[in-house]
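S.K.: requesting a structural model of the entry that follows:
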Amino acid sequence: MKQELFTIIENTPLTAKVSRLRLRGDSSAIEGPGQFVDLKLEGLFLRRPLSVCDVEGDCLTLLYETAGRGTEQMRELPAGTQLDLLTGLGNSFDLTPAGDAPLLIAGGTGASPMYGLAKRLRARGVAVSVILGFAAAADVFYEEEFRALGAEVTVCTEDGSYGLPGFVTAAMDRPFSYFYTCGPKAMMHAVCERAKTGGQLSLAVRMGCGFGACMGCRVETVSGGKRVCKDGPVFRKEELLWKDLL
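M.R.: Below is the predicted model of the structure:
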């Protein structure tokens, strides 16, 4: 873990609620896709945890949804603003079991860590299929960014206004070697129930410290209690006890 100052170089709305934040600073503590950063905002006691979307040299990309006081404040931050970040937090996705045809499934801003994962897999020459789930056409983002990586992309919308109508599970009727997923817990549970292969998922829960000291993000697993910020946020499908999460 590192504490560093980053400078905003872009803060752009992608949809009515989702924005892309690009910052410049020392990202050397970020080792793999799935890790997160903890961002400090003026006047707020708790930091805001955000999944890493991409890292290119000293440029860090984050995606966030405006959902409360903190993210509303973030949306108004102009380029040039300096932010205090804890970086290199949490574990990352294990690429070893991906096989030759992994399926990446994202709901909403769950697309953020999936993008970094897709980029890493494509760099290894792995064929990647991606399912992106949204409520409606107006909520769709990062479809073209995934396509630019060379991924096969299917978009699902709950109201049927764009792409395949229905939930992401409607697009899972295809062969795949392994799955990775991030999004709402109910969505990930449905994915785990539907998938016949092994898989990994990234949990998003409320956090206090972000580095394992406060135990505020503890979840129960088959091997006992674990901290999402320290032992996760990435967990294997077989680890989680869903009755305590839903």
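S.K.: next SSE downstream of the top strand by length along the chain?
M.R.: When the chain is parsed with DSSP state E, its longest strand is strand 2-13. Sequence-wise, the next helix or strand downstream of strand 2-13 (DSSP states H and E) is strand 18-24.
S.K.: and the contacts of that following strand?
M.R.: For strand 18-24, the surrounding residues in contact (C-beta atoms under 8 Å, 6 or more residues apart in numbering) are 6-14, 50, 53, 58-66, 74-75, 83, 85, 108-109, 139, 141. In this view, the C-beta of every residue, glycine as well, is placed from N, C-alpha and C.
S.K.: follow-up on the earlier one: packing partners of the longest strand of the chain?
M.R.: When contacts are defined as 3 or more C-beta pairs under 8 Å, 6 or more residues apart in numbering; DSSP states H and E, strand 2-13 sits against strand 18-24, helix 69-75, strand 82-89.
S.K.: try it again at 7 Å.
M.R.: strand 18-24, strand 82-89 (3 or more C-beta pairs under 7 Å, 6 or more residues apart in numbering; DSSP states H and E).
S.K.: report the inter-axis angle for that strand versus strand 82-89.
M.R.: Using axes from the mean of the first three to the mean of the last three C-alpha atoms, to 10 degrees, one finds that strand 2-13 and strand 82-89 are set 110 degrees apart in direction.
S.K.: for strand 2-13, what is the average pLDDT?
M.R.: Averaged over strand 2-13, pLDDT sits at 97.
S.K.: parallel or antiparallel, which strands does it pair with?
M.R.: Applying DSSP bridges, strand 2-13 is found paired with strand 18-24 (antiparallel), strand 82-89 (antiparallel).
S.K.: let's verify the residue lying closest to R218 once chain neighbours are set aside: helix, strand, or coil?
M.R.: Nearest residue to R218, sequence neighbours excluded (C-beta to C-beta, 6 or more residues apart in numbering): G225, at 4.9 Å. Assigned state for G225: strand (three-state reduction, DSSP: H, G, I helix; E, B strand; the rest coil).
S.K.: go on, G216?
M.R.: Per three-state DSSP, G216 ends up coil.
S.K.: residues contacting stretch 226-236, please?
M.R.: Residues outside stretch 226-236 that contact it (C-beta atoms under 7 Å, 6 or more residues apart in numbering): 34, 36, 89-93, 200-205, 207, 210-212, 215, 217-219.
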